[in-house]
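Here is my input, please return the structure:
(one chain, ligands or ions: 2)
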Amino acid sequence: MQNFTLPQTNRDSVVLLQITDTHLFADDGGSLLGVTTKDSFHAVLDAVDAAARPFDAIVATGDISQDHTEYSYQRFCEGIARWSQPCFWLPGNHDYQPSMQAVLPSPQIKPCHQVLAGEHWQVILLDSQVKGVPHGELSGEQLDMLDQALSAHPNRHALVLLHHHPLPAGSAWLDQHQLHNSEPFWQVVGRYPQVKAILCGHIHQELDRIHRGVRVLATPSTCIQFQPDSQDFALDQKSPGWRYLALHRDGQLDTQVHRLDGHDFTPNFDSAGY
Ligand SMILES: Nc1ncnc2c1ncn2[C@@H]1O[C@@H]2COP(=O)(O)O[C@H]2[C@H]1O
Ligand SMILES: [Fe+2]
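Ligands and ions are numbered 1, 2, ... in the order given. Model (predicted):
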């Protein structure tokens, strides 16, 4: 298992910035349902700068690229290079792992499965991608890795990251693309009371729910948003967003979603999908 140690800061907590579902293209004008994803990504980066909230690391929870190109991943790296903090990323259903790996080694992207975050937390990154399909699954290897990481550090609070939502979020069209083998995932999680939260991307909307006694969080995309509780594919008017997570020494987790104010990233609401 590849791991990385994030030193304890002088603050009491470790703060993560989550950026998800950037859907970047090599082409400058590449767009998803009418939203130029490079521009919405950069508007989010600018807004993070304007918010001026200190953070210790960046987590990117998949669907970084929409076109599979190495250059789209370079665009992500170039965007976050305005900051010096390390970034941990994991693949989503749209990612192409050979291109993701082709941009490594990178001064900022730390390829790892486990981050020892300060003295009190660990962050575990899982790969739930099934090549070529939108739904997710965790292989036996990924489940074993989760189990091992949790059993190795019983005294650290844990945050588990994966792209796919491991529970129905409430939209039938999207829930068919959730983590399919969620039962064995929840069985592993259920054995470790130190797991404080699960953090995902994929559903392009904010979610904050308790499931089987564990907090499950999902976060707006930096481009298009999906309407919550919709039977069929539907876009939301809400703006692109991001999330902060403060991991406190006592196991408390404080988190906030932010969205762009007054933005120009209105998608094509007539779209029936992509
Ligand atoms: N109309 C649709 N019905 C079902 N799935 C869709 C539709 N449109 C897009 N999708 C898939 O659902 C996925 C949900 O978010 P993604 O960004 O992973 O990418 C999306 C597509 O792969
Ligand atoms: Fe996505």
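
For the chain, what lies in contact range of ligand 2?
Asp21, Asp63 (Cβ under 5 Å from the ion). Heads up, the C-betas are built off the backbone N, CA and C, glycines and all.

can you give me the helices for the chain?
Assigned by DSSP state H, the helices in the chain fall at 37-51, 70-80, 97-102, 140-152, 172-175, 182-190.

could you give the angle of the first one to helix 70-80?
With axes from the mean of the first three to the mean of the last three Cα atoms, to 10 degrees defining the directions, helix 37-51 sits at 20 degrees from helix 70-80.

what packs against helix 37-51?
strand 13-19, helix 70-80, strand 241-248, strand 253-259 (3 or more Cβ pairs under 8 Å, 6 or more residues apart in numbering; DSSP states H and E).

do that again at 7 Å, thanks
Helix 37-51 sits against helix 70-80, with contacts defined as 3 or more Cβ pairs under 7 Å, 6 or more residues apart in numbering; DSSP states H and E.

Find the centremost residue of this structure, please.
Centroid-nearest residue in the chain, with Cα atoms, centre = their mean: Thr61, separated by 2.2 Å.

contacting residues for it?
Going by Cβ atoms under 7 Å, 6 or more residues apart in numbering, Thr61 touches Gln18, Thr20, Leu90, Leu161, His163, Leu199, Cys200, Gly201.

from what I can see the fourth one touches Leu90, true?
Yes. Counting by Cβ atoms under 7 Å, Leu161 touches Leu90, with 6.1 Å between them.

which residues are common contacts for those two?
Thr61, Leu125, Leu126.

which among the residues you listed gets closest to ligand 1?
If you rank these by distance to ligand 1 using Cβ to the nearest ligand atom, Thr61 comes first, at 11.6 Å.
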